[in-house]
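Colleague: with the input below, show me the fold.
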Amino acid sequence: MHVLKTKGPKAVENEADSLAILKETTARHKRSSQLPSDHDVSEVKLLIKEELRRLQDQICTKNEIFCRPGPKGNQGRRGPRGKPGPEGPPSKHGPEGPRGSTGLRGDLGLPGIPGPSGPSGPKGVKGQKGEPGKSLSEPSLLQPPVETTVNETQTAILKCTADGNPTPMISWFKQNSLLPVGRHAVEPSGALIVKDVKPGDDGVYSCKAENLLGSVNVSAKLTVQFGPKIFMSSTRLSAEEQQNISITCNATGQPKPRVTWSNAVGNFPENRTTVTNGVLNIYQLRRKDGGVYICKAKNVLGLVIETVQLIVYLRLKFEVSPPQEVTPFYGDVVILPCVAKSDLRLVITWKKDIKSRLPVDSKVLPNGTLVLHNIQKSHHGTYTCTATNPLATIRAKVIANIPLAFSCSVIKKHTSEASGNYVIDPDGAGGLAPFTVYCDMTDKNGVGVTVISHDSEFRIHVQGCETQGCYERDIDYTGASLYQLASLTRVSTHCEQFIKYECRGSLLHFDSPYGWWVSRGASRMSYWGGASAGSNKCACGMTNSCADLSKPCNCDKNDLVWREDSGLLTDKSQLPVKQLRFGDTGDSGEQGYHSLGKMKCYGVA
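Modeller: Next comes the predicted model:
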C-alpha cells in the first residue's frame, strides 16, 4: 500500500471515514458470530468474504489512493481438495445398438409321452409251400492247387475250387512271407493269380476253404525260373607274391546255374589252382599270375559273364632287418636298421614296448633306421619296427638289454656313485663274458676306479732258491681271465699295479737278472715298479738314490741288510702281472718277501 509522508486536511478526513467503515465491519462480524450453531462453516466463510468485498468497494469509492494495487505477492499454498459435489440427475438414453448374432442352439428337450396304439390290420393270405432246402455240409476241395513252374515276368495261376453248404470262403497264404503286394488277386472261382512273377515269389502257397462247419487247407509249390545273375564283391583285386587268394563268383538262378572260371590269357597256374562251389583259389601267388580272370554262370534261361582283374605286387620284405638283440654300453649310440622294400607306398614306424613313444634322444631316419643316442638304463626294452603297405604288414623286434659298462669310470659317470661290486664288459656283447669287479668311487679324485683282486696280495716269503728266477709265483686274478683284464686296459686311460720286493742278501740284478716279473703276454720284464719300462732299474735308480749309488736297485747291494725296492707298474699294455720270479736265496741268511697289489684301471680311453 502507498504511504503518505505528511498528513494534509484531506488525508485526515479520509482516515476518519476509513475508521468508521472498520467499526461497521466489526459490528457485522459480531452479529455473524451470534448465528445459530448448526450453520455450516463454509457458509460463514462465504459471508465474511462477501463483507470484505463490500468494505473494499466502499473504501475505494471514497479514497482511490488506498485501492491502488501493490506489487504482486508470492503464490500461496494450495488449499486442500474439497468434498465431491452431489450426484447429478440421470441423462437421456442413447440410440439402440445393432442386433447381435444368433446364439448356440439349446439342448434337445425330453421326448413327449407316446400316444396310444392303433387297431390291428386284417390277416394276409397264406403263401404256397416252398421247395426243400439243400443239406448243410463242410467244405471240400473240388480242384486243389498243384505244383506249378513259371518263368520270371510271366503270370502264375494256382487253382483252388471248393464245395460246401454254406458256400465256403476261399483264402490264400504264403508260407514264411506275405503274398506279392499289388501283383496278386483271388478270382471268384478261388484261383490265385500272381502277375509279373519275380524270383522272390518262389515258395509254398496254401489255399484254405472255410465255412461254419469247418475248413480244409491244401498247399502247393510255386517255382519261379529265372536267368543267372552274378554278384562279385570287386572287379579289381590286389595281392602280394607268396600270398594265397580266393576269388568268389556268387551266382544265382533257377535252375541253379553252373559256374566256370577261365583265364583271359593262357591257362591257370599249374598245380596251384582249385575251383570249389564257384570260388577260384590260387596258392603261392607269383607275379605272372596277374591278369584278367573270367567267371561264367549258365542255366537253361541264359548265360552271364563277369571279369575280375588280379594285380600281383612284389612281396613286402625287409632288405635290412635289425638284430634280434643288442647289449649296448652306457653313453653309446645304437643304430637299429629297418629297411623295407615294396612296390606300393610304404610306411615304417617304431615303438618301444607297448608304447608308441620312443625315447626323447632317438631319431628315425628316412630309410626307417632307428638311432638311439647316449644309451642309458631307460633305453632297456623291446623295440618293434613295423613296415606297412596297403596289402600287408611285417614286423621285426629287437631287444635292447640293460646297458653294460666297460669300466667303473663309465658306471660312475652314468649309473652310480656308490662304491661296490659291479658287472662290467669291457669288450662288449659278443666277445668275452662280462665279469664282476669292485668299483672304488672315491679313489683318484672320484673318477671311478676298477679294482681287480688276486691271490698274491699278502706278503709271501722267498727262500732256498739260488739260481736265477728259480722261484715262481703265478698270479690268479679273482673272477677274470688275463684276456678279460687285457680288454679292460684297452678301454681305460690308466692302469697300475703296486709291486714290492723285500730282500736280505738277495739281488734283482736286471742286467743278468735273478728276479723279474712276467707281463700278461708272458714277456720277462727287466725293470721294477717306479722305473721306466725297459730301463733295467728300480725306482731308486731313476732318482739316483739307491743304497749303493752305483747300483740300479737297493737289493743289488746284496748285503745281509733288509732292504726294499717297490713302486707302481703303469705300462697298461703289459699289465696285469702274470708271474713273479726270484732267486739268490739259497745261501745262509739270504731270503726275501714279495708283495703284489691289486690291479687298478680308471679313465675312459
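Colleague: CA only for contacts and neighbour counts going forward, please
Modeller: Noted.
Colleague: ok, for Ile282, nearest residue in space, not its chain neighbours?
Modeller: Excluding its sequence neighbours, the residue lying closest to Ile282 (C-alpha to C-alpha, 6 or more residues apart in numbering) is Thr273, at 4.7 Å.
Colleague: the one you found: neighbour count?
Modeller: Using other C-alpha atoms under 10 Å, Thr273 has 14 neighbouring residues.
Colleague: and it, what does it touch?
Modeller: By C-alpha atoms under 8 Å, 6 or more residues apart in numbering, the contact set of Thr273 is 280-283.
Colleague: try it again at 7 Å.
Modeller: 281-283 (C-alpha atoms under 7 Å, 6 or more residues apart in numbering).
Colleague: is it possible to mark the buried ones in those?
Modeller: 282-283 (16 or more other C-alpha atoms under 10 Å).
Colleague: list just the nearest of the contacts of Thr273 to Leu358.
Modeller: Tyr283 (39.1 Å; C-alpha to C-alpha).
Colleague: show the pLDDT at the closest one.
Modeller: At Tyr283, the pLDDT value in this model is 94.
Colleague: that one and Thr274, how far apart?
Modeller: 9 Å (C-alpha to C-alpha, to the nearest Å).
Colleague: how far away is Asn277 from Leu285?
Modeller: According to C-alpha to C-alpha, Asn277 and Leu285 sit 21 Å apart.
Colleague: those two: which is more packed in?
Modeller: For Asn277 versus Leu285, the count of surrounding residues by other C-alpha under 10 Å is larger for Leu285: 20 against 12.
Colleague: does the more buried one sit in a helix, a strand or a coil?
Modeller: Following DSSP: H, G, I helix; E, B strand; the rest coil, the label given to Leu285 is coil.
Colleague: that one and Ser238 touch, don't they?
Modeller: No: counting by C-alpha atoms under 7 Å, Leu285 stays clear of Ser238, with 11.0 Å between them.
Colleague: all strands of the stretch 101-250 of the chain, in order?
Modeller: For the stretch 101-250 of the chain, the strands defined by DSSP state E, counting those that start in this stretch cover 137-143, 148-151, 156-158, 161-165, 169-174, 184-186, 192-194, 203-211, 214-231, 236-240, 245-248, 250-254.
Colleague: mean neighbour count and mean pLDDT added to those, as CSV?
Modeller: Converted to CSV, those look like this (neighbours: other C-alpha atoms under 10 Å; pLDDT from 0 to 100):
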stretch, mean neighbour count, mean pLDDT
strand 137-143, 17, 91
strand 148-151, 16, 93
strand 156-158, 21, 94
strand 161-165, 19, 92
strand 169-174, 18, 94
strand 184-186, 17, 93
strand 192-194, 20, 94
strand 203-211, 20, 94
strand 214-231, 18, 93
strand 236-240, 16, 92
strand 245-248, 17, 92
strand 250-254, 19, 91
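Colleague: so which of the ones you listed gets nearest Asn263?
Modeller: Across the strands of the stretch 101-250 of the chain, the minimum distance to Asn263, taken as C-alpha to C-alpha, is reached by strand 245-248, at 12.7 Å.
Colleague: check what pLDDT Gly8 gets.
Modeller: Listed pLDDT for Gly8 reads 46.
Colleague: least confident secondary structure element in this structure?
Modeller: helix 9-32 (a mean of 48; mean pLDDT, DSSP states H and E).
Colleague: now do the same end-to-end measure for stretch 240-256.
Modeller: The straight-line separation of the ends of stretch 240-256 (C-alpha to C-alpha) is 34 Å.
Colleague: run through who's touching that stretch.
Modeller: Contacts with stretch 240-256, where a contact means C-alpha under 7 Å, 6+ apart, come from 224-232, 257, 278-287, 295, 297, 299, 312-315.
Colleague: swap in stretch 533-546?
Modeller: The contact list for stretch 533-546, computed with C-alpha under 7 Å, 6+ apart, reads 510-511, 526-531, 552-554, 565-567.
Colleague: ends of that stretch, what's the gap?
Modeller: Across stretch 533-546, the terminal residues are separated by 18 Å (C-alpha to C-alpha).
Colleague: where do the helices of the stretch 451-600 of the chain begin and end?
Modeller: Assigned by DSSP state H, counting those that start in this stretch, the stretch 451-600 of the chain shows helices spanning 482-491, 539-543.
Colleague: re earlier: which one of the contacts of stretch 533-546 is nearest Thr393?
Modeller: Nearest member of these to Thr393, counting by C-alpha to C-alpha, is Gly529, at 64.7 Å.
Colleague: ok, now which ones touch the closest one?
Modeller: Going by C-alpha under 7 Å, 6+ apart, Gly529 touches 498-499, 538-539, 566-569.
Colleague: please flag which of the residues you listed sit within strands.
Modeller: Taking DSSP state E, the ones among the contacts of Gly529 that sit in strands are 498-499, 566-569.
Colleague: which pair of those spans the longest distance?
Modeller: Taking C-alpha to C-alpha, no two of the ones in strands among the contacts of Gly529 sit farther apart than Ser566 and Leu569, at 9.5 Å.
Colleague: between these two, which contacts overlap?
Modeller: Shared contacts of Ser566 and Leu569 (C-alpha under 7 Å, 6+ apart): 529-530.
Colleague: now the contacts of stretch 533-546 in a markdown table, with pLDDT and distance to Gly203?
Modeller: What follows is these, written out as a markdown table (pLDDT from 0 to 100; distance: C-alpha to C-alpha, whole Å):
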| residue | pLDDT | distance to Gly203 |
| --- | --- | --- |
| Phe510 | 89 | 118 |
| Asp511 | 89 | 120 |
| Ser526 | 91 | 113 |
| Tyr527 | 96 | 113 |
| Trp528 | 96 | 112 |
| Gly529 | 95 | 111 |
| Gly530 | 95 | 112 |
| Ala531 | 96 | 113 |
| Pro552 | 95 | 122 |
| Cys553 | 96 | 121 |
| Asn554 | 96 | 123 |
| Asp565 | 96 | 117 |
| Ser566 | 96 | 114 |
| Gly567 | 96 | 111 |
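Colleague: now the two most distant members of the residues you listed.
Modeller: Largest separation among the contacts of stretch 533-546 by C-alpha to C-alpha: Asp511 and Gly567, giving 19.3 Å.
Colleague: neighbour count for those two, which is higher?
Modeller: Taking neighbours as other C-alpha under 10 Å, Asp511 and Gly567 compare with Gly567 leading, 18 against 11.
Colleague: and the more buried one, bridged to which residues?
Modeller: Counting by DSSP bridges, Gly567 is bridged to Ile499.
Colleague: pretty sure it sits against Phe498.
Modeller: Yes: using C-alpha under 7 Å, Gly567 is in contact with Phe498, at 5.7 Å.
Colleague: tell me the secondary structure for the nearest residue in space to Thr235 that is not next to it in sequence?
Modeller: Nearest-residue entry for Thr235: Val308, 4.3 Å, with adjacent residues in sequence omitted and distances by C-alpha to C-alpha, 6+ apart. Three-state call for Val308 (three-state DSSP): strand.
Colleague: which residues of the stretch 301-450 of the chain fall in strands?
Modeller: Applying DSSP E, counting those that start in this stretch to the stretch 301-450 of the chain gives strands spanning 302-313, 317-320, 325-326, 334-336, 339-341, 347-352, 362-364, 370-372, 381-388, 393-400, 420-424, 435-440, 449-452.
Colleague: and these, which is most packed in?
Modeller: Of the strands of the stretch 301-450 of the chain, the one with the most neighbours on average (mean count of other C-alpha atoms under 10 Å) is strand 449-452, at a mean of 25.
Colleague: give the other helices and strands that it contacts.
Modeller: On a contact count with 3 or more C-alpha pairs under 7 Å, 6 or more residues apart in numbering; DSSP states H and E, strand 449-452 meets helix 408-414, strand 435-440, strand 591-602.
Colleague: who touches the last one?
Modeller: Taking contacts as C-alpha under 7 Å, 6+ apart, the residues outside strand 591-602 that touch it are 409, 447-454, 456-463, 489, 492-506, 576, 585.
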